[in-house]
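Novice: The amino acid sequence is not available; the structure is as follows:
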């Protein structure tokens, strides 16, 4: 039986933003992140550190938890 692959933090962040019909700028304001950093996080280019991950979790009301940024172990 195949394991279900969990979405990445970046994918969860994009889904949260899109579900609320927010622009990236609006998401930046809610999460208190600068636009370049937000874009890089949502695009999967960088991972947030613990402080930013906690800010994202709080700003998304738990829809993107800190654990979403943990290293992935999807190996079959």
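Specialist: Noted; the coordinates are in hand. This one's a predicted model, so the numbers in the text were calculated from it and none came from an experiment.
Novice: Give me the pLDDT value at residue 25.
Specialist: We have a pLDDT of 96 for residue 25.
Novice: and it, what does it touch?
Specialist: Each residue near residue 25 by CB atoms under 8 Å, 6 or more residues apart in numbering is listed here: residue 35. Placement of C-beta: from N, CA and C, glycine included.
Novice: Pull up the gap between it and residue 33, please.
Specialist: 11 Å (CB to CB, to the nearest Å).
Novice: Just give the closest residue to residue 50, not the sequence neighbours.
Specialist: Using CB to CB, 6 or more residues apart in numbering and skipping residues adjacent in sequence, the residue nearest residue 50 is residue 66, 7.3 Å away.
Novice: That neighbour against residue 53, yeah?
Specialist: Yes. Counting by CB atoms under 8 Å, residue 66 touches residue 53, with 4.6 Å between them.
Novice: Could you check which of the two has the larger neighbour count?
Specialist: Legend: neighbour count by other CB atoms under 10 Å for residue 66 and residue 53, higher for residue 53 (20 against 17).
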